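K.L.:
quick check, what structure comes out for this input:
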Amino acid sequence: MKANELRAKSPAELQQELLAMLKAQFGLRMQHATQQLGNTNQLGNVRRDIARIRTILCQKVKQS
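P.N.:
Below is the predicted model of the structure:
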């Protein structure tokens with residue numbers, strides 16, 4: 001997910017996206033713990049996406 005795509009969204013949409021990413025992260029962690037996760041790079045990618053969303057969400061809140 002690119003930062004430009006996220007900046008085009010409203011804070012409410014970003015909040016929904018954040019919840020979806022946190023659920024995805026939980027699922028990936030469970031798969032990793034049970035050794036069902038083949039591509040462990042997905043964990044890092046999801047963590048970075050969550051950080052991007054949180055950063056842009058804070059920027060939008062400060063602008064308002």
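
K.L.:
helices of this structure, start to end?
P.N.:
Secondary structure of the chain (DSSP state H): helices at 3-7, 11-33, 41-63.

K.L.:
now those as CSV including mean neighbour count and mean pLDDT?
P.N.:
From N, CA and C alone the C-beta is placed, and that goes for glycine too. Listed next are the helices of the chain as CSV, based on neighbours: other Cβ atoms under 10 Å; pLDDT from 0 to 100:
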stretch, mean neighbour count, mean pLDDT
helix 3-7, 12, 93
helix 11-33, 14, 97
helix 41-63, 14, 96
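
K.L.:
how much space separates the nearest residue to R7 once chain neighbours are set aside from F26?
P.N.:
Distance criterion Cβ to Cβ, 6 or more residues apart in numbering; nearest residue to R7, sequence neighbours excluded, is I56 at 5.9 Å. For I56, the distance to F26 equals 22 Å [Cβ to Cβ, to the nearest Å].
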